[in-house]
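Asks: Structure for this input, please:
(one chain, ligands or ions: 2)
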Amino acid sequence: MSQKEHHTFQAEIQRVLDIVIHSLYTDREIFLRELISNAADALEKLRFLQTSGQAILQPEAALEIQLTADEKEKTLIITDAGIGMTRDELVENLGTIAHSGSKAFLQKVAEAKEKPALNLIGQFGVGFYSAFMVATKVEVITRSAQPDSTAWHWTSDGAGGYEIEPAGEQPRGTKITLHLKEDAKEFSENWQIQRIIKRYSNFVPFPIKLNGAAINTVQALWARSKSEIKEEEYKEFYEFIGHDPEPPLARLHFNADAPIAIQALLFVPSRNLETMGLGKSESEVNLHCRKVLIQAKAPGLFPDWLRFLKGVVDSEDLPLNISRETMQDSALLKKLNKAITGRFLKFLAELGEKEPETFEKVYGAHSRFLKEGAITDFEHREALAKLLRFESSAVPAGQTTSLGDYVKRMKEGQTEIFHLTAPNRAAAEGSPYFEGFRSLGLEVLFSYEPVDEFVFEHLGAFEGKTVKPAEKADLKVEAGDGGLSEDDARLVANFVKETLGDRVGEVRSSRRLVDSPAVVSDSEEGMTSSMRRLMKAMKQDNAAQKSKLDLELNPRHPVVVGLEKLRQSDAPLAAKVAEQLFDSARLGAGLLDDPQVLLRRMHELMERVVTPK
Ligand code: ADP
Ligand code: MG
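Replies: Ligands and ions are numbered 1, 2, ... in the order given. Down below sits the predicted model:
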């Protein structure tokens, strides 16, 4: 007499199965992640029984997961020596809705118009049924770890119901045999299974063996306590997940419980391909839940500007929450993002204080991303501003300083932070815009990258001090002897304005110049010469062209003093000098488009000099 019992699935389970069986999707390989996770859970439960001193069946059985892939038979078998199931548990766990998850799953599928969120199937507590994505028939042989248990054999084709019968003498644990669909026979290929295990289940904390060979050799370091981990293990782990033979520059390994459970191990790689001129890189931080991969290179886990990081973030809060929320707008992901971004910024700030040399390396390799953040990410701008480093007139060439240190060095009564963009240090120190600062002993931050102009503009202020281009500073250098009187200075300015006409904005006498006869300045708010150059390069200069440059004259410079006399004795020659002053000032600011006119005029003037009178 057959002992076979026929059972029907609960209606909701059958609906889950219908969806799973009839959906076509690309990532059906996740069925293996689900079955391996179940096996690992079963082993975990067994280990718990063992450590709490309870009697168990076959205590000598190894706590591991074995897979057998058989191409000829088109089967895949997953075996664990875990806690197993009694007959009642089998009926309860694989035939009814033990948890409310299937309801949530069905709702999710109904909501998703195009591609059901099948990747998340395991998080609804219905992961087992994903086996039917690839199998026409699933057999489960299981024997509970209770000492007096017997084994049971569960079989189903996913349509309508399942059968249960006694399974005779069996080892402890569960053995699941998948009879693969014709279009899923690749899952009986050794290399495919190996690839999938490595992708999703590599960090499962029990050995996984495929046809006898161990597959998962690298441990989930992030879940271990820092004090127990050797440098060598970190190194091996980084090589594994980072695919990078170069050691990382820095690493952050941390745990948090509130507001959300996080275990994270993040690395700062030694270089970034984007910085080296290749296309935009993507974050290589993988999102795990209890050591099982949820999403590789998870988008949305970090702000875009942190895309240079590699590593792992694990949150056990993930499944519960995700089933309650819609996938797209996961408030949980936002929470995770906020928590780890804040923590990472704090880490960098501490590195800057405690290990400045390491920080410098990190900054050297990835400053462009931090600057991108300072420009685009309002929420983290303040924290990022503290990390920025610049050369400065107050520190030797080649060294850098932070905005915070600049503020500490500010002079009594100084309310602004000044910066100057130039091609290099020599150009910055030689700039006519800098000479006033030098003579007044005011510090100026030097930057040599055009993007810094935008960074400073977006910062606006730091610790309550306005950030200002040096070109825009209102400086008053003490007047020495031998300069023009105020009246004469006005007269020569008027003369230059008349000569240049519409080509110049205002011409005025300046008090910020020391060694240079003249500079151009920009009356437009926030516009500097380097910004103009940048906009020109980006062909965005229409607006900039409309506003004319002003010209400032140095009433103490011999050329300007001489010009005042010359305009009365030889007006045509004085006009040439006026033109030359304007062109040289524009050349100095990098804003002269065509040097030919200037050169011709200069040659004329040189001719005058060398011709005997
Ligand atoms: P979940 O794992 O989220 O509970 P699943 O659909 O994956 O949902 O599995 C349903 C239940 O079936 C599990 O909770 C567990 O009780 C039981 N089960 C599945 N696989 C095994 C196994 N290999 N060993 C013991 N029990 C298992
Ligand atoms: Mg499961």
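Asks: what's the burial count for whichever residue of the stretch 501-613 of the chain sits closest to ligand 1?
Replies: As assessed by Cβ to the nearest ligand atom, ligand 1 sits closest to M538 within the stretch 501-613 of the chain, at 53.3 Å. Any C-beta I mention is one placed from the backbone N, CA and C, and that applies to glycine too. Neighbour count for M538, taken as other Cβ atoms under 10 Å: 9.
Asks: cool, and E498?
Replies: If you count neighbours by other Cβ under 10 Å, E498 ends up with 12.
Asks: That one sits in which helix or strand?
Replies: Per DSSP states H and E, E498 falls inside helix 486-500.
Asks: mind listing what's buried in the next helix or strand after that helix?
Replies: Remark: after helix 486-500, the chain's next helix or strand is strand 507-509, criterion DSSP H and E. The neighbour-count check on strand 507-509 (16 or more other Cβ atoms under 10 Å) flags V507, R508, S509 as buried.
Asks: from memory the second one sits against L553, does it?
Replies: Yes - with contact defined as Cβ atoms under 8 Å, R508 and L553 form a contacting pair (7.2 Å).
Asks: Which neighbours do those two have in common?
Replies: Here R508 and L553 share the contacting residues A493, scored by Cβ atoms under 8 Å, 6 or more residues apart in numbering.
Asks: tell me the SS of the residue in the stretch 351-500 of the chain that ligand 1 sits nearest to?
Replies: For the stretch 351-500 of the chain, the residue closest to ligand 1 is E379, as judged by Cβ to the nearest ligand atom, at 35.3 Å. Secondary structure state of E379, per DSSP: H, G, I helix; E, B strand; the rest coil, is helix.
Asks: Mark out where each domain of the protein begins and ends.
Replies: Domain ranges of the chain: 5-214, 221-361, 388-472, 486-610, per automatic domain parsing.
Asks: Can I get the ones you listed in a markdown table including mean pLDDT?
Replies: Below are the domains of the chain laid out as a markdown table (pLDDT from 0 to 100):
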| stretch | mean pLDDT |
| --- | --- |
| domain 5-214 | 89 |
| domain 221-361 | 87 |
| domain 388-472 | 94 |
| domain 486-610 | 88 |
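Asks: Now distance to ligand 2 too, for the ones you listed, in CSV please.
Replies: Output for those, formatted as CSV (distance: least, Cβ to the ion, whole Å):
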stretch, distance to ligand 2
domain 5-214, 3
domain 221-361, 10
domain 388-472, 47
domain 486-610, 53
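Asks: quick one, which of those domains is nearest to E478?
Replies: Set against E478 and scored by Cβ to Cβ, these come closest in domain 388-472, at 8.0 Å.
Asks: Could you check the helix ranked longest in the chain and say which residues are buried?
Replies: Longest helix in the chain by number of residues (criterion: DSSP state H): helix 331-354. Neighbour-count burial for helix 331-354, counted by 16+ other Cβ under 10 Å, picks out 332-333, 335-337, 339-341, 344-345, 347-349, 351-352.
Asks: Repeat that for stretch 303-310.
Replies: P303, W305, L306, R307, F308, L309, K310.
Asks: In strands only, show me these.
Replies: K310 (DSSP state E).
Asks: is it true that S439 touches D515?
Replies: No - contact between S439 and D515 fails when scored by Cβ under 8 Å: they sit 9.0 Å apart.
Asks: so where does K361 fall, helix or strand?
Replies: Assessed by DSSP H and E, K361 sits inside helix 356-376.
Asks: could you point out which element follows that helix?
Replies: According to DSSP H and E, the helix or strand after helix 356-376 is helix 381-387.
Asks: Relative to Q146, how far out is T86?
Replies: 7 Å (Cβ to Cβ, to the nearest Å).
Asks: The domains of the chain into CSV, with extra columns for distance to K371?
Replies: Listed next are the domains of the chain as CSV, based on distance: least, Cβ to Cβ, whole Å:
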stretch, distance to K371
domain 5-214, 34
domain 221-361, 8
domain 388-472, 5
domain 486-610, 14
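Asks: I figured Y238 hits P248, correct?
Replies: Yes - the criterion here is Cβ under 8 Å, and Y238 meets it with P248 at 5.5 Å.
Asks: list the contacts for K472?
Replies: K472 makes contact with S521, D522, T528, according to Cβ under 8 Å, 6+ apart.
Asks: tell me the secondary structure for F48?
Replies: helix.
Asks: Can you report how many residues neighbour it?
Replies: F48 is flanked by 11 other residues according to other Cβ under 10 Å.
Asks: Numbering from 424 from now on, please.
Replies: OK, 424 is where the count begins now, so the last one is F471.
Asks: And it, how far from C712?
Replies: Distance, F471 to C712, by Cβ to Cβ: 19 Å.
Asks: Check L455 too.
Replies: Counting by Cβ to Cβ, the separation of L455 from C712 is 16 Å.
Asks: So these two - more neighbours on which side?
Replies: Ranked by neighbour count (other Cβ under 10 Å), L455 and C712 place L455 first, with 24 against 21.
Asks: in the sheet, who's paired with the closest residue to E592 other than its chain neighbours?
Replies: Computed as Cβ to Cβ, 6 or more residues apart in numbering, the closest residue to E592 that is not its neighbour in sequence is A574, at 7.2 Å. Beta-bridge partners recorded for A574 (DSSP bridges): R566.
Asks: Sounds good, over and out.
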